[in-house]
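K.L.:
let me see the structure of the following:
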Amino acid sequence: MAEQHTPRSLIVSLYGAYGRTPDGSPMPVAALIRLLAVLGVDAPSVRSSVSRLKRRGLLLPGRTADGAAGYALSDDARRLLDDGDRRIYARTEPKLSEGWVLAVFSVPEAERHKRHLLRSRLARLGFGTAAPGVWIAPARLYEETRNALERLELSPYVDLFRGDHLGYAATAGAVARWWDLPAIARLHEEFLAAHEPVLRAWRTAPAGSEALAGSEAPAGADATGGADAPGGAEDAYRDYLLVLDSWRRLPYADPVLPAELLPDDWPGRRSAEVFAALHELLRDRGAAFVRPFVSGSGSED
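P.N.:
The predicted model follows:
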């Protein structure tokens, strides 16, 4: 299935990558419009998506230091992005000895809409289904799960437990029941198909193209890149935001299980390496493109 980069998702990725200022100052509307235009998003789509994020309480209207209209992240949005960072940029290998967290819930029939919300939220946090009403995830997800349930006022319906899987089936066989591993593998394969060529292009980009942009050449670069090879800060920004927008969903669909519970050819390892390499190559170069737009107010309200 082809990747879908929606305007709303790209705006969230933009704020996550470049919009968390220490003083909480708003990003100018003009900057949002110009930065999203690089990704093919028109101004009406930006404004409509910003309005939806505002209604959800994730963006707050404000004025920049020089009076331009803009939007800042709400406290809830910052917490969501901070929680996401721990997954998106995680590089530590999980260990089976860390155990599991179990979520057991019961929701009265009169509030069944909350049952659906609870199930969908646990699934989005990376939980698998061990039995009806019993959801399981690696224990390291406990704090994020607790925060999410409290934020959504779902904690009164849930009991959380931490422990080990003692049998009777082998744990590697059990996780294949708890999660749809083939479906998760396909998500990683789609990510690799879209973004591994981008990494190769940056690694083989002509050194001169980055020099002209005032940046160092990508690691491993040589002078054999083609006419379409990437190089400048705008290219870095565009490619980084697209790979971030694709990747940030994967650590939620994939609970990142210990290696001994996964097939030897599990594609999640390679997709994590590709994202980490592109983050290292492109994030700071992209910031050089974003900075002038964010520091200036622009003229659009």
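K.L.:
quick one: the strands in this structure?
P.N.:
Here the chain has its strands, by DSSP state E, at 27-28, 59-63, 69-73, 100-105, 128-131, 134-138, 158-163.
K.L.:
could you give the mean pLDDT of the shortest one?
P.N.:
Taken as a whole, strand 27-28 has an average pLDDT of 92.
K.L.:
chain neighbours aside, what residue packs nearest to Arg237?
P.N.:
Wrong residue type there; residue 237 is Tyr, not Arg. Excluding its sequence neighbours, the residue lying closest to Tyr237 (C-beta to C-beta, 6 or more residues apart in numbering) is Gly286, at 3.5 Å. Placement of C-beta: from N, CA and C, glycine included.
K.L.:
OK, contacts around that neighbour?
P.N.:
By C-beta atoms under 8 Å, 6 or more residues apart in numbering, the contact set of Gly286 is Ala17, Tyr18, Ala233, Ala236, Tyr237, Arg238, Asp239, Tyr240, Leu241.
K.L.:
how much space between the first one and Asp284?
P.N.:
Note on Ala17: its distance to Asp284, by C-beta to C-beta, to the nearest Å, is 11 Å.
K.L.:
these two: which has the busier surroundings?
P.N.:
Ala17 (21 against 14; other C-beta atoms under 10 Å).
K.L.:
and the gap between that one and Ala68?
P.N.:
In terms of C-beta to C-beta, Ala17 sits 21 Å off from Ala68.
K.L.:
Pro292: neighbouring residues, count only.
P.N.:
Counted with other C-beta under 10 Å, Pro292 comes out at 11.
K.L.:
go on, Ile11?
P.N.:
26.
K.L.:
which pLDDT value belongs to it?
P.N.:
Confidence score, pLDDT, at Ile11: 96.
K.L.:
okay, and which of the contacts of Gly286 map to helices?
P.N.:
Among these, the ones falling in helices (DSSP state H) are Ala17, Tyr18, Ala233, Ala236, Tyr237, Arg238, Asp239, Tyr240, Leu241.
K.L.:
in the chain, which spans are helices?
P.N.:
Under the criterion DSSP H, helices of the chain are mapped to 7-18, 29-37, 43-55, 75-88, 112-124, 142-151, 171-178, 181-203, 207-212, 233-247, 250-253, 268-295.
K.L.:
name the helices or strands packed onto the fifth one?
P.N.:
Contact analysis of helix 112-124 by 3 or more C-beta pairs under 8 Å, 6 or more residues apart in numbering; DSSP states H and E lists strand 100-105, helix 142-151 as its packing neighbours.
K.L.:
point out the most buried one among those.
P.N.:
Mean neighbours per residue, mean count of other C-beta atoms under 10 Å, is largest over these for strand 100-105, with a mean of 21.
K.L.:
mind listing what that strand pairs with, with the direction of each?
P.N.:
With DSSP bridges as the test, strand 100-105 is paired with strand 134-138 (antiparallel), strand 158-163 (antiparallel).
K.L.:
with distance to Glu260, mean pLDDT and mean neighbour count added, can I get those in JSON lines?
P.N.:
Formatted as JSON lines, those follow (distance: least, C-beta to C-beta, whole Å; pLDDT from 0 to 100; neighbours: other C-beta atoms under 10 Å):
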{"stretch": "strand 134-138", "distance to Glu260": "13", "mean pLDDT": "93", "mean neighbour count": "22"}
{"stretch": "strand 158-163", "distance to Glu260": "18", "mean pLDDT": "91", "mean neighbour count": "13"}
